[in-house]
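> Sequence first, then the predicted structure:
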Amino acid sequence: MTELRSISVTVNERVYKREVEPRLLLADFLRHELGLTGTHVGCEHGVCGACTIMLEGEAVRSCLLFAIQADGLSLTTVEGLAESQDQLHPLQQAFWEAHGLQCGFCTPGILMTVIPFLERNPHPSEAEVRAAISGNLCRCTGYQHIVDAVLLAASQWAAPG
Amino acid sequence: MKPVPFGYHAPTSLEQAVELKGQYGDEAKILAGGQSLVPAMNFRVVQPAVLIDLNRVPELAYIKHAGESALRIGAMTRERQLEFDPLIPLRAPLLAEAIPHVAHPQIRNRGTLGGSLVNADPAAELPVIMVALGARLKVRGSGGERWVGAQDFFLGMFSTDLAPEEILVEVELPPMPPRTGWSFIEVAPRHGDYALMGLAALVTLDAGGRIQNARLVYLNAGEGPVVADRAAQGLSGQAATETAIAEAAELAGREEIDPLGNIHATPEFQRHLAGVLTRRALQQATRRAQEAGQA
């Protein structure tokens, strides 16, 4: 029996305290311990990008981190994007408008990848968008609508500033 | 798949980390960025009894310019920091050129320089860059510290000179000689995937514009970073003509590398790629060396 360790993790601005085994992956912690099932688990070895979340504001794969490594840190999952039930985040809205998803399995990971990307590069070229999402696999489709959605979001993102 | 249970330690200083590694030796794996180790653990290919997590040792993450060296980089410096730090293109442009090819942004946000070097994947970019630049690696064990040249550090596939009780702590890059140009090129099925073939090239010109020194180091071309010494030596003293470059590229691709092939490329195709990429890399490095000479 492995010993349990106490951890305290801030997820979407809420503090969660749990007892975990050191081997518990952060993705499984989010889904099974916290019930935040918006973070999807695809390949479990860092290839598909479905489990991408933001750790301290940067996109990371939550299947390649142990929950215990997030002790004391702050992270954002797809559940933390929309301001309310009926108000999508602008990037989510752009995915809606540009048909940036079919089955939606890859979508949370792509959203969490794209947000820090657009924050760093608010006026990306199409090639830059394709490179930015190269670590996220979509099995439904070509990536054209996803790229369109990101470019649409970027055009709106930059507008106020 | 999920990892098997393991003991977990998260030291907050290098002293503690060295002591723990000394205590556990081979039983413990160092957890750096975890971008290769954790997948292997998820598959249960690797089942360490103990993990020593260095992510809470801030003293191992830095990029600085000190003394005679061009750069000193802490082993826990993330690849993403290398990508954005303004010192890197100024002092190690070859490294700056290679970094965007290292996997994907999410991986580079966690992956570390030290982790990539110790993992010693023959398809990885950073070991090749370190061998090309003639980096020195500082390792610490319970008995003290020692320095190893990058070329002596990589012993083979996923194998390094690191002893079981040692930890890689720092990488030192020497300054590039004057009139030196660089190039890093690779071919991958998709941006960020493992490259089928790739190389780092450095060309130093003499005052008269002839090649004084060249260096060619390949990834995915054998059991570790592969240095094409004969092709490089053949260029010494020559004018950087298309013919000279084509001969060197041909020799390197045909005789000096030993690609193993994979599901995406036969060894023959990898050799072909090596020839084409070597020619392009030497041309680009020469052009940059000429520009550096005029500056």
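Right, received. Where do you want to start?
> Outline the domain layout of the chain.
Chain wasn't specified; assuming chain A. Structural domains annotated on chain A: A:5-80, A:90-158, as defined by automatic domain parsing.
> You answered for a different chain; I wanted chain B.
Domains of chain B are assigned by automatic domain parsing as B:7-56, B:58-173, B:180-294.
> which one of the domains of chain A has the lowest average pLDDT?
Least confidently modelled of the domains of chain A is domain A:90-158, at a mean of 94 by mean pLDDT.
> next one: that domain to chain centre, how far?
12 Å (CA atoms, centre = their mean, to the nearest Å).
> do the same with stretch B:39-48
For stretch B:39-48, the distance to the chain centre is 23 Å (CA atoms, centre = their mean).
> Just the CA atoms of it, as PDB, please.
Presented in PDB, the C-alpha positions along stretch B:39-48 are these (Å, rounded to 0.1, in the frame of the first residue of the first chain):
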ATOM      1  CA  PRO B  39       5.100   8.300 -20.700                       C
ATOM      2  CA  ALA B  40       7.600   5.400 -20.100                       C
ATOM      3  CA  MET B  41       6.200   5.000 -16.600                       C
ATOM      4  CA  ASN B  42       2.600   5.200 -17.800                       C
ATOM      5  CA  PHE B  43       3.400   2.300 -20.200                       C
ATOM      6  CA  ARG B  44       5.200   0.600 -17.300                       C
ATOM      7  CA  VAL B  45       8.300   0.200 -19.500                       C
ATOM      8  CA  VAL B  46      10.100   2.000 -16.700                       C
ATOM      9  CA  GLN B  47       9.300   1.200 -13.000                       C
ATOM     10  CA  PRO B  48      11.500   3.200 -10.700                       C
END
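> which other residues reach that stretch?
Residues lying outside stretch B:39-48 but in contact with it, judged by CB atoms under 8 Å, 6 or more residues apart in numbering or on different chains, are A:25, A:44-46, A:63-64, B:1-4, B:6, B:27-29, B:37. Placement of C-beta: from N, CA and C, glycine included.
> Could you identify the buried members of the residues you listed?
A:25, A:44, A:45, A:46, A:63, A:64, B:3, B:6, B:28, B:29, B:37 (16 or more other CB atoms under 10 Å in any protein chain shown).
> Among these, which lie within strands?
B:28, B:29 (DSSP state E).
> And the furthest pair within the buried ones among the contacts of stretch B:39-48?
The largest separation in the buried ones among the contacts of stretch B:39-48, counting by CB to CB, is between A:44 and B:28 at 23.3 Å.
> which helices and strands does the lengthiest helix in chain B pack with?
Determined from DSSP state H, the single longest helix within chain B is helix B:267-294. Other elements packing on helix B:267-294 under the criterion 3 or more CB pairs under 8 Å, 6 or more residues apart in numbering or on different chains; DSSP states H and E are strand B:180-187, strand B:197-205, strand B:211-219, helix B:242-251.
> Hey, what's the angle from that helix to strand B:197-205? Just curious.
If you take axes from the mean of the first three to the mean of the last three CA atoms, to 10 degrees, helix B:267-294 sits at 30 degrees to strand B:197-205.
> Give me the average confidence score over helix B:267-294.
Helix B:267-294 carries an average pLDDT of 96.
> rewinding a little: nearest to chain B, out of the domains of chain A?
Proximity to chain B (CB to the nearest CB) singles out domain A:90-158 among the domains of chain A, at 2.7 Å.
> any residue of that closest one up close to chain B?
Yes: interface with chain B: domain A:90-158 contributes A:113, A:117, A:130, A:131, A:132, A:134, A:135 (CB under 8 Å from any CB of the partner chain).
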